[in-house]
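Enquirer: The following block contains a protein sequence and its predicted model.
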Amino acid sequence: MDQKNFHSELLELKRWNTPTIYNGWEQITNQDSARDGFNLEPVIDYMPHMGPMVGYAVTVVIEPGNKNHKVKNPDPGKQYREYMASVDGPKIVVVQDLDKPVIYGAFWGEVNSNIHRALGCIGTICDGGIRDTDEMNNAGFKALARGLCVGHAYSTPVRWNCEVEVFGRRIMPGQLIHADKHGFLVIHDEDQNKILDAARYMDSNECKTVIPSARSISGRSKDEILAGFNHASKEFKRATASKFGQKGE
């Protein structure tokens with residue numbers, strides 16, 4: 001993404017929900033849009049009222065059920081926090097929990113969310129548990145997670161700045177992520193400069209064709225409604241194909 005327009009483009013991406021961003025992404029990407037972009041397992045947005053979050057992945061692996069990590073490395077926090085501080089924001093902390101499918105302890109709570117917020121992190125995607133959701137809300141730290149948990153157990157960082165797998169999706173540090181109550185979308189590097197224009201166009205295209213046709217039913221017969229929508233659908237596909245080439249056909 002062009003650094004000159006870095007903040008303005010992220011702010012504009014945040015104005016749309018994640019499905020809308022996906023609609024644009026599938027037109028420009030060479031990835032398999034059904035397999036290589038969004039989460040493949042259910043994820044819960046515990047702060048849907050915060051709306052979408054957009055940022056770059058910083059990654060960490062935890063295993064709260066294994067106390068040996070604490071014995072081997074009593075205080076990895078300093079090095080881990082230095083890594084978090086060294087990366088430009090906005091950042092989304094992507095957490096892989098090796099205890100999956102069990103949740104033995106929460107990496108996130110009031111203290112950790114406030115620390116990470118101060119280091120330029122706006123939220124997390126955690127394939128494990130979180131706690132202190134009211135306090136996380138107060139910190140302005142958004143969380144998509146697998147579940148809630150009472151305790152923290154041995155939720156120390158095991159490794160970080162590495163590839164992780166969460167909710168069936170592999171994520172590398174630095175990848176752009178768009179997330180909301182529907183789930184999350186990982187936008188590959190080669191698509192970042194084109195995603196905003198593509199999302200804008202697809203949203204506008206829907207608003208000019210299929211949506212108004214579907215809503216304009218007053219005084220029309222069923223045959224007229226179906227014919228009108230079929231025409232609008234063809235216009236939608238034609239316009240998409242004209243904009244993006246074979247992707248839209």
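Expert: Structure's in. What do you need?

Enquirer: which stretches of the protein have low pLDDT?
Expert: Along the chain, segments meeting pLDDT under 70 span 1-6, 71-75, 217-218, 246-249.

Enquirer: Which parts of it are strands?
Expert: Along the chain, the stretches classed as strands by DSSP state E are 44-45, 53-62, 91-97, 106-108, 121-130, 142-148, 157-160, 164-166, 169-171, 176-180, 183-187.

Enquirer: need the ones you listed in TSV with mean neighbour count, can you?
Expert: For glycine as for every other residue, the C-beta is placed from the backbone atoms N, C-alpha and C. Output for the strands of the chain, formatted as TSV (neighbours: other C-beta atoms under 10 Å):
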stretch	mean neighbour count
strand 44-45	18
strand 53-62	22
strand 91-97	26
strand 106-108	26
strand 121-130	26
strand 142-148	22
strand 157-160	19
strand 164-166	20
strand 169-171	19
strand 176-180	25
strand 183-187	24
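
Enquirer: so can I have JSON lines of those strands showing distance to H69?
Expert: Formatted as JSON lines, those follow (distance: least, C-beta to C-beta, whole Å):
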{"stretch": "strand 44-45", "distance to H69": "26"}
{"stretch": "strand 53-62", "distance to H69": "8"}
{"stretch": "strand 91-97", "distance to H69": "12"}
{"stretch": "strand 106-108", "distance to H69": "12"}
{"stretch": "strand 121-130", "distance to H69": "14"}
{"stretch": "strand 142-148", "distance to H69": "20"}
{"stretch": "strand 157-160", "distance to H69": "5"}
{"stretch": "strand 164-166", "distance to H69": "16"}
{"stretch": "strand 169-171", "distance to H69": "21"}
{"stretch": "strand 176-180", "distance to H69": "26"}
{"stretch": "strand 183-187", "distance to H69": "27"}
